[in-house]
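[1] okay, here's the prediction I keep looking at, along with the sequence it came from:
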Amino acid sequence: MDLARREVAGTGPKAGGAGPSLVRLGLMAVPLAFFGLFFAYPVAAIVGRGLRTDTGWQFGRIGEVVTRPDIADVLWFTTWQAVASTALTLVLALPAAYVFARLDFPGRQVLRAVVTVPFVLPTVVVGSAFLALVGRGGLLDELWGVRLDTTVWAILLAHVFFNYAVVVRTVGGLWAQLDPRQEEAARVLGAGRFAAWRRVTLPALAPAVGAATLMVFLFTFSSFGVVLILGGPAYATLEVEVYRQTAQLLDLPTAAVLTLVQFAAVGAILALHAWTLRRRERALKLVDPSRTAVRPHGAGQWALLGGVLLTVAVLIVAPLAVLVERSFDAPGGYGLAFYRALQDAAATGTFVVAPLEAVGNSLQYALAATAIALAIGGLAAAALARRAGPFLRGFDALLMLPLGVSAVTVGFGFLITLDEPPLDLRTSWILVPLAQALVGVPFVVRTMLPVLRAVDERLREAAAVLGAPPLRVWREVDLPLVRRAVLIAAGFAFAVSLGEFGATVFIARADRPTLPVAVARLLGRAGELNYGQAMALSTILMLVCAVSLLLLERLRSDKTSGEF
């Protein structure tokens, strides 16, 4: 026990004296500077403008706002819909995580890319697609006279649509590397199939399941576009209310208080997550995933595969099919009229450049954001790889905050803080990738961390005993084992950057719009041509994502490649 305490403190034999502690602090320095400058500073500036006056800070506003009945209703709905959305996503996506990790079937690579496509689509687009399915005149209305718009069910199903890939990728990535012989050994000793899974596999998956649960909850807790479009006036999350108070009512004090409430809630969630998972992490025996996937056999596995395929068809493919159908449904009949209009900036007067240029802009921004997110997130994950005390757990929680803090607040914060030398970035192209990377870093950390912590510590110790410095230990021991996780993280960061909308909409230049911003601008203007072009751009965004993910999927011909 004393040895363990010295190791955590960085003073025991396993820590190698003061070296590892200094190395860990060095790894943390860049992520801390990045988040301090591009996250904490802009958010603090917005809160300061809302709560500070010439006479000082008005902290009394906090009590006044949170005790208002309308705000209490918003807080309650935000919390319970996030819990329900997370639970429903886990129930529907965990079987798919098993199918993609352990079953080998035709079309597996293509289907893996398909389930990730919704994660990059702008929320306004998906909201419109679900309206076409469940709203007035939608598919359910035409077939059975059933409407789900302005109900919580439309919101919950749309949240599953968005977050399905988070569970499949995060949990499935680790599941594919778990040695199935451990579970088989438990069954040989007399345990049933479910008992062996519950006692052997589930504890090993707990960190990945916890990471996926946390990400899904934070995304649904801060849901904006889905609730705004599908919920109608009856439902509002904190994010929607912050937008309403800021953009419509110009009530910055109330918006600032709601931002603080959201901040506190996210902090409490992250603390609970760290407390529940800290004692479950352990070294795992990771194997080549090509050895774990087998052809389906038995009625149970075929039924499970069929159920997953049906779920994907109803919840993932159907909304995407609506986007494609509407992109071709021109006034004169089905054709390419909306796609041709994308090449003309003067077609609708919405842009100063042709809307089609948003495709190239988005790809450039996403590649830059992915590089930034991998650099920052990789350093952070390496620093957090070994268990540590409250300071590092607080650092871990800090990295997740951008997922739960209002993108509206961050976007406005960028505008009012990064406008003076030496950080006058208003006209610089790098501003958009920086905002996108803020959301990508948590995915890099949460994807890499469970695998890094599963690496047997004795391998690192053996390399250190043989004289390898920390950098070489990382290169020779950790990197070969986590190469899959690095590619998974890169794919997530790229996908998130392609579809990021909340902060980008405030900072993207008019002559260099991204795909989500271009779609939102088109949807915000009346007219069939604008709407059709929005659907066409959404289809292009969907295809770009699918092709990108499919290309990464092809890397799996190399057995050391990642989940994408």
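    Perfect, I can see it now.
[2] secondary structure class for the residue lying closest to residue 244 once chain neighbours are set aside?
    Distances taken as CB to CB, 6 or more residues apart in numbering place residue 236 nearest to residue 244, at 7.2 Å, with adjacent residues excluded. All C-beta spots, glycine's among them, are computed from the backbone N, C-alpha and C. With DSSP: H, G, I helix; E, B strand; the rest coil as the basis, residue 236 sits in coil.
[3] who's in contact with residue 236?
    74, 77, 227, 244 (CB atoms under 8 Å, 6 or more residues apart in numbering).
[4] and the host helix or strand of the first one, what's buried?
    Secondary structure here is read from DSSP states H and E; on that basis residue 74 sits in helix 69-102. If you call a residue buried by 16 or more other CB atoms under 10 Å, then helix 69-102 has these buried ones: 71, 74-75, 77-79, 81-82, 84-86, 88-90, 92-102.
[5] how near is residue 202 to residue 163?
    Separation of residue 202 from residue 163 (CB to CB, to the nearest Å): 21 Å.
[6] which of the two has more neighbours?
    The residue with more neighbours, out of residue 202 and residue 163, is residue 163; 25 against 12, by other CB atoms under 10 Å.
[7] please report how far residue 73 lies from residue 236.
    8 Å.
[8] also residue 538?
    When distance is defined by CB to CB, residue 538 is 25 Å away from residue 236.
[9] for residue 104, same thing?
    45 Å.
[10] got a list of contacts for stretch 396-403?
    By CB under 8 Å, 6+ apart, the residues outside stretch 396-403 that reach it are 31-32, 35, 39, 214-215, 218-219, 222, 263, 266-267, 270-271, 274, 377, 380, 384, 410, 438-439, 441-442, 445-446.
[11] at 7 Å instead, please
    Here stretch 396-403 makes contact (CB atoms under 7 Å, 6 or more residues apart in numbering) with 31, 35, 39, 214-215, 218-219, 266-267, 270-271, 274, 380, 384, 438-439, 441-442, 445.
[12] of the contacts of residue 236, closest to residue 531?
    Residue 531 has its nearest neighbour among the contacts of residue 236 in residue 227, at 21.1 Å by CB to CB.
[13] got the contact list for residue 335?
    Counting by CB under 7 Å, 6+ apart, residue 335 has contacts residue 328.
[14] phi, psi of it?
    Backbone torsions of residue 335, given as degrees, to the nearest 10, read phi -180, psi -160.
[15] same thing with residue 333?
    The phi/psi pair for residue 333 (degrees, to the nearest 10) is phi 110, psi 170.
[16] secondary structure element for the closest residue to residue 406 other than its chain neighbours?
    Nearest residue to residue 406, sequence neighbours excluded (CB to CB, 6+ apart): residue 242, at 4.7 Å. Taking DSSP H and E as the criterion, residue 242 maps to helix 238-243.
[17] gap between the helix or strand just after that helix and the chain center?
    Once the chain leaves helix 238-243, the next helix or strand it forms, by DSSP H and E, is helix 252-277. Relative to the centre of its chain, helix 252-277 is centred 18 Å away, using CA atoms, centre = their mean, to the nearest Å.
[18] can you check stretch 222-238 too?
    Distance, centroid of stretch 222-238 to centroid of chain: 19 Å (CA atoms, centre = their mean).
[19] now it: average pLDDT?
    Average pLDDT, stretch 222-238: 79.
[20] show me which residues of it are buried.
    Residues of stretch 222-238 classed as buried under the neighbour-count rule (16+ other CB under 10 Å) are 222-231, 235-238.
[21] span of that stretch from start to end?
    Distance between the two ends of stretch 222-238: 7 Å, counting by CA to CA, to the nearest Å.
[22] just stretch 307-320 next, same as before
    End-to-end span of stretch 307-320 (CA to CA): 19 Å.
[23] so what touches that stretch?
    Stretch 307-320 is contacted from outside by 92, 95-96, 99, 111, 114-115, 117-118, 126, 129-130, 133, 157, 160-161, 164, 542, using CB under 7 Å, 6+ apart.
[24] which ones among these map onto helices?
    Counting by DSSP state H, the contacts of stretch 307-320 place 92, 95-96, 99, 111, 114-115, 126, 129-130, 133, 157, 160-161, 164, 542 in helices.
[25] closest one of those residues to residue 196?
    Nearest to residue 196 among those is residue 95, at 17.3 Å by CB to CB.
[26] show me where pLDDT drops low in the stretch 401-550 of the chain?
    The model of the stretch 401-550 of the chain has pLDDT under 70 over residues 404, 549-550.
[27] out of the ones in helices among the contacts of stretch 307-320, flag the one nearest to residue 529.
    The closest of these to residue 529 turns out to be residue 129 (CB to CB; 18.9 Å).
[28] for the helix or strand encompassing residue 217, buried residues please.
    Using DSSP H and E, residue 217 maps to helix 202-221. For helix 202-221, burial by neighbour count (16+ other CB under 10 Å) applies to 204-221.
[29] and if you look at stretch 22-35?
    23-24, 27-28, 31-32, 34-35.
[30] quick revisit: how about the residue nearest to residue 244, phi and psi?
    Phi and psi for residue 236, reported as degrees, to the nearest 10, are phi -150, psi 130.
[31] quick check: it vs residue 84, distance?
    From residue 236 to residue 84 the distance is 16 Å (CB to CB).
[32] with adjacent residues omitted, what lies nearest to residue 28?
    Closest to residue 28 by CB to CB, 6+ apart is residue 383, at 4.8 Å.
[33] got the contact list for that neighbour?
    Contacts of residue 383 (CB under 7 Å, 6+ apart): 24, 27-28.
[34] try it again at 10 Å.
    Applying CB atoms under 10 Å, 6 or more residues apart in numbering to residue 383 gives the contacts 23-32, 392, 395-396, 445.
[35] so which of those are in helices?
    Judged by DSSP H, helices contain the following of the contacts of residue 383: 23-32, 392, 395-396, 445.
[36] need the pLDDT of residue 288.
    58.
[37] with residue 367 instead?
    91.
[38] and it, how far from residue 373?
    Distance, residue 367 to residue 373, using CB to CB: 11 Å.
[39] now do the shared contacts for these two.
    Shared contacts of residue 367 and residue 373, defined by CB under 10 Å, 6+ apart, comprise 433, 493-494, 497.
[40] could you list which of these belong to strands?
    Among these, no member falls in strands (criterion: DSSP state E).
[41] save these as CSV, and put in distance to residue 363 too.
    Shown next, in CSV, are the shared contacts of residue 367 and residue 373 (distance: CB to CB, whole Å):
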residue, distance to residue 363
433, 12
493, 14
494, 9
497, 10
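[42] let me know the closest of those to residue 476.
    Closest approach between those and residue 476, by CB to CB: residue 493, at 25.3 Å.
[43] returning to what we had before: contacts for the following helix or strand past the helix holding residue 217?
    Sequence order places helix 225-226 as the next helix or strand after helix 202-221, per DSSP H and E. Residues outside helix 225-226 that contact it (CB under 10 Å, 6+ apart): 85, 121-128, 130, 154-159, 161-162, 219-220, 237, 239-240, 243, 501-502, 516, 520.
[44] 7 Å - rerun?
    Contact with helix 225-226 is made by 122-124, 126-127, 155, 158-159, as judged by CB under 7 Å, 6+ apart.
[45] again with stretch 490-502
    116, 119-123, 169, 224, 362, 365-366, 369-370, 373-374, 407-408, 411, 436, 439-440, 443-444, 447, 516-517, 520, 541, 545, 548-549, 552, 564.
[46] stretch 76-94 now?
    Outside stretch 76-94, the residues that touch it by CB under 7 Å, 6+ apart are 152, 155-156, 159-160, 163-164, 167-168, 171, 213, 216-217, 220-221, 235-238, 311.
[47] and for stretch 216-223?
    By CB under 7 Å, 6+ apart, the list of residues contacting stretch 216-223 from outside reads 78, 81-82, 85-86, 89, 159, 162-163, 166-167, 237, 239, 266, 269, 400, 403-404, 406.
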